[in-house]
Structure formats: structure tokens, C-alpha cells
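Peer 1: Structure for this input, please:
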Amino acid sequence: MLPLLLVGVVAVRHRSVLADGFEHLATARWPWLLAAAGATCLTWVAAACTRQGAVVERLPRRRLLATQFAAGAANHLLPTGLGASAVNLRFMTVCGLPLARSSAALALYLLAESVGRLALLGALLIAFPGALRLGALLPDAAVGPLLAVAGAVPVVAAVALALLPRLRGALASFLRTALGEARSVHTRPARALALWGGALAFPALQASALVLVGRSLGLEVPAGHLAVAYLAATVAVALVPTPGGIGSVEAALVVALVAAGGPAAVATAVVLAFRLLTVWLPLLPGALTLAALVRLRVI
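Peer 2: Numbering: from 1, shown residues only. Got it, this is the predicted structure:
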């Protein structure tokens, strides 16, 4: 709740910018918004491809796609993607995969999605080296605490593994299962293509949706810079434990778009429209789909 509270305080302090952003929403051009909605729908297809690529067995396609749509709603009930992970873990176990293999497939999916997002960000930074100005995104005072946290995490993990032999055994067993699952998947070219192709397509489609929303509102920032701003913002807030990134993603995106050269009011309008299109409009039908899948015992 703390990140949401901090975002609320920032929103109140900058309520005039938010008001200007809501006013700019009325000037949006609908053809661009419809194209952004199409790109958003394709993200569920990309997620389904990546999920299928993480397991050797063929999963039922329609139920898999419906599960990805429902997982988007569940993702806004629990922090840091736990909702979507729980839905997909349940779906794979209902499909007959043992819990250990389902967990390994989930870990492989998360790894592929992270690698795909970072690889796409790295490629765009090479193509557009001036797109990201870290000085505007990362204050000097924040560098020290971030480095301290980054150094403390592996130390804490190492101490926990050293003091808890049962945890070491469970982790070793999980890693053996996960490595075996990864080897099996990569012996099948179709599965490997689905895994890594979907992992790259998912963030690319998300970034494309933001670019299209920016065009609909006349944000005068190059498309490549918009994509870099989106990927950098989502990577930066990945460790903030808010449900679905609510609040943290909006704040980081506005800062990133302003740093990329967009006016604050227009950047705010773009972020509001983007999150409305990708999060809030699909939320109710996604929740209804989730309820239907539970009732039908698909998950």
C-alpha cells in the first residue's frame, strides 16, 4: 500500500497537470486509439504463445488464450505479477502437468519475458543512443540506495541458503526440474520459437500501443524514443510491489516521457489513455472471464 499512498500524494501535489492531461484526452484521434487497442489484444496472443513455448505438451489453445485474458485481471489483485502467475500455474496443473513441472514452466516463462524485454530495450538503446537521459530519470541521491539494495539482495539470499539446508534442498530440486524442462523445450524448434518469439513480441506490442496512443494525442516524440521510455519505465518499476504496477507504472511513464522531450500535460494524457486502454477497460471483462473459467473448472 505504501507505493500507492506515495503516488496519491504526488497526484494531489500535481493535480493541475493531471487536470490538463484529462482535458487533452478529448482531443484524441480515434483511428490511432483503435490501432492501439488492436496491439493490446495481440499482447494476449503473444503471452499465450510464450506460455505454450514453455512446456512440451500441447495446451488447449482457446482455453490458453482465455486464461491469458483472465490472468490480466487477476494480475491487478496481487502485487508483482503474482495474480497472473497463480492463474497460469493452476491452468497448467488442471491440464495434467505435475506441480513441479508447472512451476518450472512458469519460471521459464518469467525468465524469457524478462530477457526479451531487456534485449529489446538494449537493441533500441543501440539504435537510438540519445533516447534515454538517465540524469532526468535517476536523481544522483538515488544511486547510492539503489546500489546498496542491489548488493544486499544476493548477500541475504546467500545467508538464507547457508542457514537453511531444507531450503537448499528444495531449491536444488527445483533447479534440476527447471533445467530439464528447459532442455526438453529447446529440443523442439516450434516450442523454442514460440517461447522466445512471444517473449520478444509481448513488450514490442506493449510499446507499440504506447506509440499509437502518443500519435493519437499528438505527442511530438519519435516512436523509437517512446518505445525506449516505455521499456525503461517498466523495467525500473518491476521491483515495486504494487498490484499490476498501478500507480508506479503511471508515475514512471510520465517521468520517462517528459525526459524524452514531451510536454508534461500531453505526456500525462498519453499515460492516462494508455493505461485506460490496456488496464482499466479490459479489467471487468477479464474478471468475468476469470469467474467463468473458475466455474467451468478450467482453472
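Peer 1: Neighbours of Thr268, how many?
Peer 2: By the criterion of other Cβ atoms under 10 Å, Thr268 has 25 neighbours. (C-beta placed from N, C-alpha, C; glycine too.)
Peer 1: for Arg63, same thing?
Peer 2: Per other Cβ under 10 Å, the neighbour tally for Arg63 reads 17.
Peer 1: Begin at 506 from now on, thanks
Peer 2: All set: I'll call the first residue 506, so the last point we hit is now Arg568.
Peer 1: quick one, helices of the stretch 606-755 of the chain?
Peer 2: Assigned by DSSP state H, counting those that start in this stretch, the stretch 606-755 of the chain shows helices spanning 639-642, 645-668, 670-691, 694-721, 728-741, 753-764.
Peer 1: Can I get these in a markdown table including mean pLDDT?
Peer 2: Converted to a markdown table, the helices of the stretch 606-755 of the chain look like this (pLDDT from 0 to 100):
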| stretch | mean pLDDT |
| --- | --- |
| helix 639-642 | 52 |
| helix 645-668 | 65 |
| helix 670-691 | 83 |
| helix 694-721 | 94 |
| helix 728-741 | 87 |
| helix 753-764 | 80 |
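Peer 1: among these, which is nearest Ser608?
Peer 2: Minimum separation from Ser608 across these (Cβ to Cβ) falls at helix 670-691, 6.8 Å.
Peer 1: quick one: the closest one to chain centroid distance?
Peer 2: Chain-centre distance of helix 670-691: 25 Å, with Cα atoms, centre = their mean, to the nearest Å.
Peer 1: before we move on, what about stretch 733-744?
Peer 2: On Cα atoms, centre = their mean, the centre of stretch 733-744 falls 9 Å from that of its chain.
Peer 1: Kindly report the same for stretch 769-779.
Peer 2: Relative to the centre of its chain, stretch 769-779 is centred 19 Å away, using Cα atoms, centre = their mean.
Peer 1: if we can go back for a sec, please name whichever of the helices of the stretch 606-755 of the chain is nearest to Glu618.
Peer 2: Short answer: helix 694-721, nearest of the helices of the stretch 606-755 of the chain by Cβ to Cβ, at 5.2 Å.
Peer 1: ok, and for the closest one, which residues are buried?
Peer 2: The neighbour-count check on helix 694-721 (16 or more other Cβ atoms under 10 Å) flags 696, 699-721 as buried.
Peer 1: quick check: angle from it to helix 753-764?
Peer 2: Angle between the axes of helix 694-721 and helix 753-764 is 60 degrees (criterion: axes from the mean of the first three to the mean of the last three Cα atoms, to 10 degrees).
Peer 1: Without its sequence neighbours, what residue ends up closest to the residue most central in space within the chain?
Peer 2: The residue lying closest to the centre of the chain (Cα atoms, centre = their mean) is Thr739, at 6.8 Å. If the residues on either side of it in the chain are set aside, Thr739 comes closest to Val754, at 6.7 Å by Cβ to Cβ, 6 or more residues apart in numbering.
Peer 1: and what of Ser678?
Peer 2: Ala605 (7.7 Å).
Peer 1: Next up, the contacts around the one you found.
Peer 2: By Cβ atoms under 8 Å, 6 or more residues apart in numbering, the contact list for Ala605 reads 678-679, 682.
Peer 1: which SSE is it in?
Peer 2: Taking DSSP states H and E as the criterion, Ala605 maps to helix 604-632.
Peer 1: relative to helix 694-721, how tilted is that helix?
Peer 2: Interaxial angle, helix 604-632 versus helix 694-721 (the same axes, to 10 degrees): 50 degrees.
Peer 1: Same question for helix 604-632: list its buried residues.
Peer 2: Neighbour counts over helix 604-632 (16+ other Cβ under 10 Å) mark 606-615, 617-618, 621-622, 625-626, 629-630 as buried.
Peer 1: Stretch 797-804 now?
Peer 2: Neighbour counts over stretch 797-804 (16+ other Cβ under 10 Å) mark 798, 803-804 as buried.
Peer 1: Look at Ala769 and report its pLDDT.
Peer 2: Ala769 is assigned a predicted lDDT (pLDDT) of 80.
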